[in-house]
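Enquirer: My questions concern the predicted model and sequence given below.
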Amino acid sequence: MAAGSAKGLPKFEVLKGIAAPLERANVDTDAIIPKQFLKTIKRTGLGSALFNEMRYNAEDGSEKPDFVLNQEPYRRSKILVVTGPNFGCGSSREHAPWALLDFGIKCVIAPSYADIFFNNTFKNGMLPIAIDNKHDIEAIADEARAGREIEVDLPNQSINDSTGKKICGFEVEEFRKHCLVNGLDDIGLTMQMEDKILAFEKKMTTKTPWLDGRAYLKRGKNGKLAVKPAPQMLRAYLA
């Protein structure tokens, strides 16, 4: 999946796809992406290392057939349903959401998350949904266990089954929802203020041209300084 451009990330509105059930609690970031894969700073190519120790045999690297992501139809999962709490705990590593995203998972549904992982997923255009109601998380997991698609409707904040019937609603902070729906990352948010930034820079160049560094000598009409230096300023500059 391509990384977001300077204008932002792919918009997240309605996501429908296969959901993989993960029946575990306290899944830490080392389990999501082990430390030996942290040397790269690229966001792509990490999907094959996702849940490495759970997916592959250490002896020969072959797949463990009993792990969910090694089974059909979960190899094509877009959603991960975790039945246990505290997903993404452990050390801070942005490679964890990168690995999930590169595999194809854009949404994680779990009872609770570690704070840093929770924040990192949003920054990468992903949606972590906290469902603390045991009945609701089990209803979602039942759909996943049956190999049926799940629909995550972010604008309406609802999780639906494959027929469109609502399973439950969910909460998401309004500003984060705005960023996901509009495909805005930190750069995209900054660029929304581009006109104000340019106006401020123009004002500062006019009022304090020396703050532009050596380039300020080229400012003004006919190559003259925009501000005449006082004698003490000129001596200091020539010293």
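Expert: Now that the structure is in, tell me what you want to look at.

Enquirer: could you pull out the helices for this structure?
Expert: 29-32, 52-55, 95-103, 115-123, 134-145, 174-182, 186-191, 194-207, 231-238 (DSSP state H).

Enquirer: so which of those helices comes closest to residue 153?
Expert: helix 174-182 (11.0 Å; Cβ to Cβ). (C-beta placed from N, C-alpha, C; glycine too.)

Enquirer: Who are the packing partners of that closest one?
Expert: Contact analysis of helix 174-182 by 3 or more Cβ pairs under 8 Å, 6 or more residues apart in numbering; DSSP states H and E lists helix 115-123, helix 186-191 as its packing neighbours.

Enquirer: The helices of the chain into CSV, with extra columns for distance to residue 40, mean neighbour count and mean pLDDT?
Expert: CSV is the format used below for those (distance: least, Cβ to Cβ, whole Å; neighbours: other Cβ atoms under 10 Å; pLDDT from 0 to 100):
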stretch, distance to residue 40, mean neighbour count, mean pLDDT
helix 29-32, 15, 21, 97
helix 52-55, 14, 16, 97
helix 95-103, 8, 25, 97
helix 115-123, 16, 19, 96
helix 134-145, 30, 17, 98
helix 174-182, 26, 15, 95
helix 186-191, 21, 14, 71
helix 194-207, 32, 11, 80
helix 231-238, 47, 9, 52
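
Enquirer: now the ones you listed in JSON lines, with distance to residue 163?
Expert: Output for the helices of the chain, formatted as JSON lines (distance: least, Cβ to Cβ, whole Å):
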{"stretch": "helix 29-32", "distance to residue 163": "31"}
{"stretch": "helix 52-55", "distance to residue 163": "31"}
{"stretch": "helix 95-103", "distance to residue 163": "26"}
{"stretch": "helix 115-123", "distance to residue 163": "28"}
{"stretch": "helix 134-145", "distance to residue 163": "10"}
{"stretch": "helix 174-182", "distance to residue 163": "24"}
{"stretch": "helix 186-191", "distance to residue 163": "35"}
{"stretch": "helix 194-207", "distance to residue 163": "44"}
{"stretch": "helix 231-238", "distance to residue 163": "75"}
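
Enquirer: quick one, domains of this protein?
Expert: Domain assignment for the chain, taken from the TED database, gives 14-182, 185-221.

Enquirer: Just give me the longest strand of the chain.
Expert: Counting residues, the longest strand in the chain under DSSP state E turns out to be strand 14-22.

Enquirer: Show me what it is packed against.
Expert: strand 79-82, helix 134-145, strand 149-153.

Enquirer: What are the contacting residues of the first one?
Expert: Just to be clear, that refers to strand 79-82. Strand 79-82 has contacts (Cβ atoms under 8 Å, 6 or more residues apart in numbering) with 15, 17-22, 24, 27, 100, 105-111, 137, 140-141, 144, 150, 152.
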